[in-house]
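Q: Give me the fold of what follows.
(one chain, ligands or ions: 2)
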Amino acid sequence: MAPYKNLEEYNIEVTNEVKERFSKIIDEIGEDVEREGLEKTPERAAKAMLFLTQGYQQDAAEILKGAMFKEDYDDMVIIKDIEVYSLCEHHMLPFFGKAHIAYIPNGHIVGLSKIPRIVDVFARRLQVQERLTHNILECLNDTLRPKGVAVVIEASHMCMMMRGVQKQNSVTTTSGFRGQFEKIETRNEFLKLISSDLS
Ligand SMILES: Nc1nc2c(ncn2[C@@H]2O[C@H](COP(=O)(O)OP(=O)(O)OP(=O)(O)O)[C@@H](O)[C@H]2O)c(=O)[nH]1
Ligand SMILES: [Zn+2]
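A: Residues are numbered from 1 along each chain as shown. Ligands and ions are numbered 1, 2, ... in the order given. Okay, the predicted model is just below:
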């Protein structure tokens, strides 16, 4: 593909290419691409797919660096129940659930909203849950350089629910721990706090 002058030009070009391909898929499955309800579907589907994979155009480390503040607080910071919506790389079907993330600052705290933002940057790509967990973990560890970081993701996979093995209730949990969270007491405190309902 020819080089693009800017992101907008790139987006228009790629949307048109993806739209053509969705049109072909709709035709191949035996539908009439020209009937009223489907007329704009290739374009809508292309825009939706590009939205759901926009993480490839984003830099999670830059997002974190944009809101790091010097602070002496050195206890655990936990953001739990962050909604996660991603696409499994095997079937390109959604998997979705919650992420629970904690870190122990080492001179710097980070703007709270930046943590869900980096979850989205990595989730909006073709993923497996394990790699998504590690992408978030390593990004926080390398950029913020905290005393410790922990990531737990609980998710349901549509490829296991709507098709394939057809299990509606199974939930997959993945986790990663670095620094002080490798110590069992710290890890247990985190796991206890994310499972408690303080409200
Ligand atoms: N480890 C892991 N596996 C995943 C994830 N998402 C989907 N999968 C699995 O990827 C595997 C792909 O296996 P294949 O045998 O190549 O594909 P398939 O024939 O469609 O498999 P079935 O889903 O069992 O019908 C399946 O077992 C999926 O459940 C994920 O995030 N992590
Ligand atoms: Zn899948």
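Q: Give the other helices and strands that the helix or strand bottoming out on mean pLDDT in the chain contacts.
A: Ranking every helix and strand in the chain by mean pLDDT, DSSP states H and E puts helix 7-28 at the bottom, with a mean of 93. Helix 7-28 sits against helix 41-52, with contacts defined as 3 or more C-beta pairs under 8 Å, 6 or more residues apart in numbering; DSSP states H and E. Bear in mind the C-beta positions are built from the backbone N, C-alpha and C, glycine included.
Q: So which residues make contact with the helix or strand following the helix it packs on?
A: Using DSSP states H and E, the helix or strand that follows helix 41-52 in sequence is helix 60-65. Contact with helix 60-65 is made by 110, 114, 117-118, 121-122, 135, 139-140, 142-144, as judged by C-beta atoms under 8 Å, 6 or more residues apart in numbering.
Q: how about those residues in TSV, adding distance to ligand 1, neighbour count and secondary structure?
A: TSV is the format used below for the contacts of helix 60-65 (distance: C-beta to the nearest ligand atom, whole Å; neighbours: other C-beta atoms under 10 Å; DSSP: H, G, I helix; E, B strand; the rest coil):
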residue	distance to ligand 1	neighbour count	secondary structure
110	26	23	strand
114	24	20	helix
117	21	17	helix
118	18	24	helix
121	17	23	helix
122	13	22	helix
135	12	21	helix
139	18	21	helix
140	20	27	helix
142	23	12	helix
143	24	19	helix
144	25	22	helix
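Q: still on that earlier bit, now the angle between helix 41-52 and the least confident helix or strand of the chain, please.
A: Angle, helix 7-28 to helix 41-52, by axes from the mean of the first three to the mean of the last three C-alpha atoms, to 10 degrees: 130 degrees.
Q: can you start the count at 12 instead of 1 from here on
A: Right, with 12 as the first residue, what we last looked at is helix 18-39.
Q: chain center to helix 18-39, what's the gap?
A: 23 Å (C-alpha atoms, centre = their mean, to the nearest Å).
Q: Could you count how many residues lie near residue 163?
A: For residue 163, the tally of surrounding residues (other C-beta atoms under 10 Å) stands at 20.
Q: who's in contact with it?
A: With contact set as C-beta under 8 Å, 6+ apart, residue 163 has these partners: 110-112, 144, 184-186, 202, 205.
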